[in-house]
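Visitor: please work out how this folds:
(4 chains)
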There are 2 protein chains.
Amino acid sequence: MQKGHYTYDYPRPAVTTDCVVFGFDGRDLKILLIERGLEPYKGAWAFPGGFLNMDETAEQGALRELKEETGLDLNYLKQVGAFSDVDRDPRSRVITIAFYALAKKSKVSGGDDAAKAQWFSLNDVPRLAFDHDLILRKAMQKLREDLHFEPIGFGLLDNEFTIPELQRLYEAILGIQFDRRNFHKKMLQTGILEEVEESPTNFYGSHNEMRSMSIDALFSDSIPNPHASYSNASDDSRSTRRWGTKFRFNKRRYDELKEDGNFKLEF
Amino acid sequence: MQKGHYTYDYPRPAVTTDCVVFGFDGRDLKILLIERGLEPYKGAWAFPGGFLNMDETAEQGALRELKEETGLDLNYLKQVGAFSDVDRDPRSRVITIAFYALAKKSKVSGGDDAAKAQWFSLNDVPRLAFDHDLILRKAMQKLREDLHFEPIGFGLLDNEFTIPELQRLYEAILGIQFDRRNFHKKMLQTGILEEVEESPTNFYGSHNEMRSMSIDALFSDSIPNPHASYSNASDDSRSTRRWGTKFRFNKRRYDELKEDGNFKLEF
DNA sequence: GCAAAAGTGTTTCGTTTACACCCATGC
DNA sequence: GCATGGGTGTAAACGAAACACTTTTGC
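Guide: Below you'll find the predicted structure:
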């Protein structure tokens, strides 16, 4: 990416990417933001992102910028769309391609590796730069829509999780409450969950999760993040409880069902 | 858009728009394509589209190019997404923002105003240029998804239509068959259709359709196209029949229901 | 008068919803 | 032992699916 002069016969907009990273701490849905140190919108918060290189797709660029700016190394993105309002950046014509990504639960409350990256609960979003509030709304909308058709939620949980955890996640994303028994029933009926038999060795939350198929193939992110300091005061005690039947996402089964068009999950 | 030299410190991809225009002739779902006269992909077909100007949003650019290249003057677009593969254009780095649009039935089989624009049935798509086959797949997928939540279909029919016409449209888009009676019932139950009382004057297909609320506010396109020469041999007789109860899309009612979150239409 | 499509209601079935009690854990 | 949350089954209500006959039109 050497500096130099690039000349074209017609003017060209600059192209950037932005990445809305969703996370879930067991209670709230969160997003990862970076504080802007420079004008315009100095002091406001923005999604990680930046200019697209010529040798990378928008997806690759968004993942690269995400890594550079927040240290998060994800590998699954979903495109939210292109935002092309003429005045969305006061400095010049900039078009952005926005994505959303899902960070596993163990990554949330880490993530602040980068100086100014911070998780914010969606109930407590600060002032956002540019048109990022619009991008956020669209990303939320798409996340909700996708949740109806794809087992997205698992990308926000660790590989092993309990049904009530999953339920809290669905409730946080969709903003509605479910009946415990019905949720339980419906989730098991899909056939995409497999129970993790509780061996004494991993009963207290160990990590031998590589035994069978995991969601990693889809939403992979297998580097566990050890530190657990919370930026927002959100009690996570209910998720570190030592009991509760653990399940795992059965990707193979999901692929089979999807293949046959038999996968259905309506809420 | 005067020619000149525009210089930037970093290289910039070119940004274009592409527009997948769907149409329905009463039997098949169709798309509007333009034959390429120049390399690369000379002789292949492509979606209408072109370079984005600096003073227009992607939506505006797509509509402008559509008008310029095909004569179609639409005003409703839905974004399919940005396509940014590094090698999608063999000449240089070009990112495209793709949309889909809906052309009312009376426009299909007209539309060939522009020299090389032509409607193709989706069952008989010619070789497409660039990554336009991918764009088509994504556009189809999005059209199908949107059909479940929004009364999109009406954008493909004239302002007055019969339930069986609507049913054929849904069947063409989703690729499945419905029971006549159940479809009829379900559509009326939504409450978004209003019956057009058959006055003797407009019984034989006249066009006094401005009396009440029409779909035009959403998918407007009120310039009827008189000529009806078909490029593909597709018998339209079933749609010119002089009987059958005519309905109209009741946008006011739809907006009310949507407002209250009471609109539901699952297939 | 014959073929093709439109209009209409009821019954059956499956899915979704509502609902209560007992058990395990942490304090 | 008390409060919190987890695990489980059944009955009622609702919505979806299956299904046949009569009428209009064009030929």
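Visitor: so which strand or helix has the closest residue to A:Leu29 other than its chain neighbours?
Guide: Excluding its sequence neighbours, the residue lying closest to A:Leu29 (CB to CB, 6 or more residues apart in numbering or on different chains) is A:Ala172, at 4.4 Å. C-beta coordinates here come from the backbone N, C-alpha and C atoms, glycine included. Assigned by DSSP states H and E, A:Ala172 falls within helix A:163-174.
Visitor: tell me which parts of the stretch 101-250 of chain A are close to chain B?
Guide: Within reach of chain B by CB under 8 Å from any CB of the partner chain, the stretch 101-250 of chain A has these residues: A:Glu145.
Visitor: run through the stretch 101-250 of chain A and note the low-pLDDT ranges.
Guide: Where the stretch 101-250 of chain A drops to pLDDT under 70, the residues are A:109-115, A:198-242.
Visitor: check contacts around the residue nearest to A:Leu29.
Guide: Counting by CB atoms under 8 Å, 6 or more residues apart in numbering or on different chains, A:Ala172 makes contact with A:Phe24, A:Arg27, A:Asp28, A:Leu29.
Visitor: if you set the cut-off to 10 Å instead, what comes out?
Guide: A:22, A:24-30, A:121-123, A:153, A:156 (CB atoms under 10 Å, 6 or more residues apart in numbering or on different chains).
Visitor: again, but for A:Thr7
Guide: When contacts are counted by CB under 10 Å, 6+ apart, A:Thr7 touches B:Gly4, B:His5, B:Tyr6, B:Thr7, B:Tyr8, B:Pro11.
Visitor: that one bridge partners, please.
Guide: A:Thr7 forms beta bridges with B:Thr7, as assigned by DSSP bridges.
Visitor: cool, and A:Ile95?
Guide: A:Val15.
Visitor: identify the residues contacting it.
Guide: A:12-16, A:52, A:82-86, A:88-89, B:13, B:15, B:52, B:57-58, B:82, B:95, B:97.
Visitor: can you rerun that using 8 Å?
Guide: A:Pro13, A:Ala14, A:Val15, A:Thr16, A:Ala82, A:Phe83, A:Ser84, B:Val15, B:Leu52, B:Ala58, B:Ile97.
Visitor: beta partners of A:Phe51?
Guide: Counting by DSSP bridges, the residues bridging with A:Phe51 are A:Thr16.
Visitor: using the three-state scheme, assign whichever residue of the stretch 1-150 of chain A sits closest to DNA strand C.
Guide: Going by CB to the nearest atom of the strand, DNA strand C is nearest to A:His148 of the stretch 1-150 of chain A, at 11.4 Å. Assigned by DSSP: H, G, I helix; E, B strand; the rest coil, the conformation of A:His148 is helix.
Visitor: could you pull out the helices for chain A?
Guide: Ranges of helices in chain A, per DSSP state H, are A:58-70, A:132-149, A:163-174, A:180-190, A:216-219, A:251-259.
Visitor: so which of the ones you listed is the most packed in?
Guide: Comparing the helices of chain A by mean neighbour count (mean count of other CB atoms under 10 Å in any protein chain shown), helix A:58-70 ranks first with a mean of 21.
Visitor: counting by contacts, list what it packs against.
Guide: strand A:14-24, strand A:29-35, strand A:49-51, strand A:77-83, strand A:94-102 (3 or more CB pairs under 8 Å, 6 or more residues apart in numbering or on different chains; DSSP states H and E).
Visitor: output that helix in CSV, but only the C-alpha positions, please.
Guide: The C-alpha trace of helix A:58-70 is given here as CSV (Å, rounded to 0.1, in the frame of the first residue of the first chain):
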residue,chain,number,x,y,z
ALA,A,58,-14.9,-6.1,0.9
GLU,A,59,-15.2,-9.0,3.3
GLN,A,60,-11.4,-9.4,3.5
GLY,A,61,-11.0,-5.7,4.0
ALA,A,62,-13.5,-5.6,6.8
LEU,A,63,-11.9,-8.5,8.6
ARG,A,64,-8.5,-6.9,8.2
GLU,A,65,-9.6,-3.6,9.6
LEU,A,66,-11.4,-5.3,12.4
LYS,A,67,-8.2,-7.2,13.3
GLU,A,68,-6.1,-4.0,13.1
GLU,A,69,-8.4,-1.9,15.1
THR,A,70,-9.7,-4.2,17.7
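Visitor: and A:Pro151, how many neighbours?
Guide: Residues within reach of A:Pro151, counting by other CB atoms under 10 Å in any protein chain shown, total 24.
Visitor: mind checking how far the nearest residue to A:Ile176 once chain neighbours are set aside is from A:Val20?
Guide: For A:Ile176, ignoring the flanking residues on the chain, the nearest one in space by CB to CB, 6+ apart is A:Phe267 at 7.8 Å. Look at A:Phe267 and A:Val20: by CB to CB, to the nearest Å, they are 22 Å apart.
Visitor: compare the two (neighbour count), which wins?
Guide: A:Val20 (27 against 13).
Visitor: residues contacting that one?
Guide: Applying CB under 8 Å, 6+ apart, the residues near A:Val20 are A:Ile31, A:Phe47, A:Val80, A:Ala98, A:Phe99, A:Tyr100, A:Ala101, A:Ile135, A:Leu136, A:Ala139.
Visitor: ok, now which ones touch the fourth one?
Guide: I take that to be A:Ala98. A:17-20, A:47, A:49, A:79-83, A:135, A:138-139.
Visitor: just the last one next, same as before
Guide: By CB under 8 Å, 6+ apart, the contact set of A:Ala139 is A:Val20, A:Phe22, A:Val80, A:Ala98, A:Tyr100.
Visitor: could you rerun that using 6 Å?
Guide: Going by CB atoms under 6 Å, 6 or more residues apart in numbering or on different chains, A:Ala139 touches A:Val20, A:Val80, A:Tyr100.
Visitor: ok, so of the residues you listed, who is nearest DNA strand D?
Guide: Checking these against DNA strand D with CB to the nearest atom of the strand, the nearest one is A:Tyr100 at 26.8 Å.
Visitor: ok so, going back, between the helices and strands packed on helix A:58-70, which one is closest to B:Arg252.
Guide: Counting by CB to CB, B:Arg252 lies closest to strand A:77-83 out of the helices and strands packed on helix A:58-70; the figure is 28.6 Å.
Visitor: show me what the closest one pairs with in its sheet, parallel or antiparallel.
Guide: strand A:94-102 (antiparallel).
Visitor: do the helix holding A:Ala172 and DNA strand D meet at all?
Guide: Yes - looking at helix A:163-174 against DNA strand D by CB under 7 Å from any atom of the strand, the contacts come from A:Ile163, A:Pro164, A:Glu165.
Visitor: from the contacts of A:Ala98, which is closest to chain B?
Guide: Checking those against chain B by CB to the nearest CB gives A:Ala82 as the nearest, at 4.3 Å.
Visitor: kindly provide the distance from the closest one to DNA strand D.
Guide: When CB to the nearest atom of the strand, to the nearest Å is the yardstick, A:Ala82 and DNA strand D sit 34 Å from each other.
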